[in-house]
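> how would this look folded up:
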Amino acid sequence: MLVRWRFTEDGEWPYHAEVDGHGLRVRVNDFPAEPLYSLFVDDELVEDLEDWPTVWVKPTPPVTPAP
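Model prediction:
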């Protein structure tokens with residue numbers, strides 16, 4: 001399923017999406033001791049992931065203005 005993610009301002013939970021009325025969040029784990037990502041749907045752990053799924057659209061990183 002194609003999922004278009006948005007950035008949050010939380011480094012541990014950097015991605016959020018909504019699909020069919022459900023809130024999806026991705027947590028970045030303590031890699032390599034743990035899987036790279038964990039997927040939560042409506043605040044429940046659904047799956048641990050070692051790679052970003054190809055059908056998920058990762059958002060473009062925000063641009064930080066030069067000092």
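> quick one, what contacts the residue lying closest to residue 5 once chain neighbours are set aside?
Closest residue in space to residue 5, ignoring its immediate chain neighbours: residue 15 at 4.3 Å, by C-beta to C-beta, 6 or more residues apart in numbering. All C-beta spots, glycine's among them, are computed from the backbone N, C-alpha and C. Listed by C-beta atoms under 8 Å, 6 or more residues apart in numbering, the contact set of residue 15 reads 5, 6, 7, 8, 25, 26, 58, 59.
> Repeat that for residue 66.
So residue 66 contacts nothing (C-beta under 8 Å, 6+ apart).
> And the pLDDT at residue 29?
Turning to residue 29, the model gives it a pLDDT of 97.
> Make sure it is actually in contact with residue 45.
No. Judged on C-beta atoms under 8 Å, residue 29 makes no contact with residue 45 at a distance of 11.0 Å.
> Need the phi and psi values for residue 33.
phi -70, psi -30 (degrees, to the nearest 10).
> One more: residue 19?
Taking degrees, to the nearest 10 as the convention, residue 19 sits at phi -140, psi 120.
> Quick check: chain neighbours aside, which residue is closest to it?
Spatial nearest neighbour of residue 19, chain neighbours left out: residue 3 (6.0 Å); criterion: C-beta to C-beta, 6+ apart.
> check which helix or strand covers the residue most central in space within the chain.
Centroid check for the chain by C-alpha atoms, centre = their mean gives residue 26 as the closest residue, at 3.1 Å. If you go by DSSP states H and E, residue 26 is part of strand 22-28.
> residues bridging contact with residue 29 and residue 45, i.e. touching both?
residue 38.
> When these two are compared, which one has more neighbours?
Of the pair residue 29 and residue 45, residue 29 is the one with more neighbours under other C-beta atoms under 10 Å, namely 15 against 10.
> Tell me the buried residues in the strand holding residue 26?
Buried positions in strand 22-28, judged by neighbour count with 16 or more other C-beta atoms under 10 Å: 24, 25, 26, 27.
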